[in-house]
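Trainee: what's the 3D shape of this:
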Amino acid sequence: MIRFQRYLFLQIFWPVLGLLGGLCVVAMLSQSLTQLDLIIDKRQSFLALLWITLLTLPQVISLLLPLALFFATLYALNSLLSDKELIVAYATGMSFSEIAAPILRVTFIAMLAHLAITTHLQPLAFREMRETFRAVAADVAASAIRPGQFIEPAKGLTLYSRDVQAGTLLGVMIHDARIADQPVTFTAEKARLVTLRGAPAFILEEGEYQRRRLDGDIDFGRFARYALELPDLIPKKEFFVLKPSDRFLGELFYPDKTYFYDQRQIAKLTAEGHFRLASPLYDLTLAAIAMAALLGGEFSRQGNRARMALATGLALLARLGALAVQAIGIESPSLNWLQYGVPLSLVLFAFAYMMRNQRAPFRLRALAARPR
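Mentor: Numbering: from 1, shown residues only. From the prediction side, this is the model:
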């Protein structure tokens, strides 16, 4: 790269990172507000909230990267025009392709990063988030037990603990009416929360139980150690069914057709796979729209606000269009090609517009060469 191209490259590259970082911070703050119940209701640590918020970053970056690239390109080109640097570049003999080259380099770097995020980092982060939520849901001692209070963490299950010391519950009473016609009440000196077969369970020690039989009589008994499983505390469907956002490309395009959920979601899974692959194309689309707005027209001493406003509107419509064509792909899988066709058509239109208006650079050269 010549010095001016390196300068233009950095003029776009650093604003992309800055804008993306700022937008991600705003999105993370918004996301963290929706997860405050982890601290308030479930008494998790701030680190758990921070970890879950960080796991949303790949999806946030995927959504915001095209917009960050668009605004950075728009800002850099407008600055070059306002400071007459672009006029000087044309006056020294630089061609349109040489001006566009550093912009396209930044764009292709963004596209590669975007592709890595959508195909690998995003599903990896979502799976880790699923496991984190599952661990939080299983942490009954933190999310359910209130010393000195009766609580009902699941339908038909009532818990009481006199005190909690170092993770051990003291003075425990549990009334289990999940089987309506055979309720049982446990009392124990102490209990510990463990995980059995992937579900939370209480290990009760030194206690008694009272169970009503079907004939109405009451059974009494004592035990030194008893395991009470609590699978109802984990919503199985939510944690054990992989959503489209949690899957890698191979699982989206080649789902397990012997699995009932996958059989009914094939169209949705396929549309999600095409959306992941097509998303990086919008980096090029929005960059091309920004270039067309400021490099494809005539130089104006009154500024470029109107063209920048129009380009911004088109960029936002393009991002909304990505979601619209994904929905179309779910309804009609044969139209999934639109997920690639729409952004590529916009790119071709933008470059065709710039090529047709190549007279603009000559006007810039003439303006630069005009005697004052």
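Trainee: switch to C-alpha atoms for all contacts and neighbour counts from now on
Mentor: Noted.
Trainee: doesn't Y90 lie inside a helix?
Mentor: Yes. Following the definition DSSP: H, G, I helix; E, B strand; the rest coil, Y90 is counted among the residues of a helix.
Trainee: quick one: the strands in the stretch 201-350 of the chain, in order.
Mentor: Counting by DSSP state E, counting those that start in this stretch, the segments of the stretch 201-350 of the chain that form strands are 218-229.
Trainee: how about the helices of it, start to end?
Mentor: Secondary structure of the stretch 201-350 of the chain by DSSP state H, counting those that start in this stretch: the helices cover 236-240, 249-253, 260-264, 266-278, 281-295, 305-331, 338-356.
Trainee: export the fourth one to CSV, keeping only CA atoms.
Mentor: Only the C-alpha atoms of helix 266-278 are listed here, as CSV (Å, rounded to 0.1, in the frame of the first residue of the first chain):
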residue,chain,number,x,y,z
ILE,A,266,-35.8,-28.6,9.3
ALA,A,267,-36.9,-25.5,7.4
LYS,A,268,-36.0,-23.2,10.3
LEU,A,269,-32.6,-24.9,10.8
THR,A,270,-31.7,-24.7,7.1
ALA,A,271,-32.7,-21.0,7.0
GLU,A,272,-30.5,-20.3,10.0
GLY,A,273,-27.6,-22.0,8.3
HIS,A,274,-27.9,-19.9,5.2
PHE,A,275,-28.4,-16.8,7.4
ARG,A,276,-25.0,-17.5,9.1
LEU,A,277,-23.2,-17.9,5.8
ALA,A,278,-24.9,-14.8,4.2
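Trainee: between helix 305-331 and that helix, find me the angle.
Mentor: Angle of helix 266-278 versus helix 305-331, following axes from the mean of the first three to the mean of the last three C-alpha atoms, to 10 degrees, is 150 degrees.
Trainee: tell me which residues are up against helix 266-278.
Mentor: Residues outside helix 266-278 that contact it (C-alpha atoms under 8 Å, 6 or more residues apart in numbering) are 115, 118-119, 244-245, 249, 252-253, 255, 322, 326-327, 329-333, 336, 339-340.
Trainee: report the rounded mean pLDDT for it.
Mentor: In this model, helix 266-278 has an average pLDDT of 95.
Trainee: tell me the buried residues in it?
Mentor: 266-278 (16 or more other C-alpha atoms under 10 Å).
Trainee: let's have those residues in a markdown table, adding distance to R146.
Mentor: As requested, those are arranged in a markdown table below (distance: C-alpha to C-alpha, whole Å):
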| residue | distance to R146 |
| --- | --- |
| I266 | 44 |
| A267 | 46 |
| K268 | 42 |
| L269 | 42 |
| T270 | 46 |
| A271 | 45 |
| E272 | 43 |
| G273 | 45 |
| H274 | 48 |
| F275 | 45 |
| R276 | 44 |
| L277 | 48 |
| A278 | 49 |
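Trainee: just give me the closest of those residues to S82.
Mentor: The shortest separation between S82 and any of these is 34.4 Å, and it belongs to A278 (by C-alpha to C-alpha).
Trainee: how close does that closest one sit to V164?
Mentor: Counting by C-alpha to C-alpha, to the nearest Å, the gap from A278 to V164 is 53 Å.
Trainee: ditto for E251
Mentor: Between E251 and V164 the distance, using C-alpha to C-alpha, works out to 44 Å.
Trainee: that older thread, from the contacts of helix 266-278, list the buried ones, please.
Mentor: For those, a burial check counting by 16+ other C-alpha under 10 Å picks out 115, 118-119, 244-245, 249, 252-253, 255, 322, 326-327, 329-330, 333, 336, 339-340.
Trainee: so what's T187 up against?
Mentor: Contact criterion C-alpha under 8 Å, 6+ apart gives 171-174, 207-209 as the residues in contact with T187.
Trainee: same thing but at 6 Å, please
Mentor: The neighbourhood of T187, defined by C-alpha atoms under 6 Å, 6 or more residues apart in numbering, consists of 172-173, 207-208.
Trainee: hang on, it in a strand?
Mentor: Yes. Secondary structure of T187, determined by three-state DSSP: located in a strand.
Trainee: for it, which non-adjacent residue is closest in space?
Mentor: The shortest distance from T187 to any non-neighbouring residue, by C-alpha to C-alpha, 6 or more residues apart in numbering, is to M173 (4.4 Å).
Trainee: mind listing the strands the helix or strand harbouring that neighbour pairs with, and their directions?
Mentor: Assignment of secondary structure by DSSP states H and E places M173 within strand 168-176. For strand 168-176, sheet partners with direction are given as strand 157-165 (antiparallel), strand 184-196 (antiparallel), following DSSP bridges.
Trainee: now the angle from that strand to strand 218-229?
Mentor: Taking the same axes, to 10 degrees, strand 168-176 and strand 218-229 form an angle of 120 degrees between their directions.
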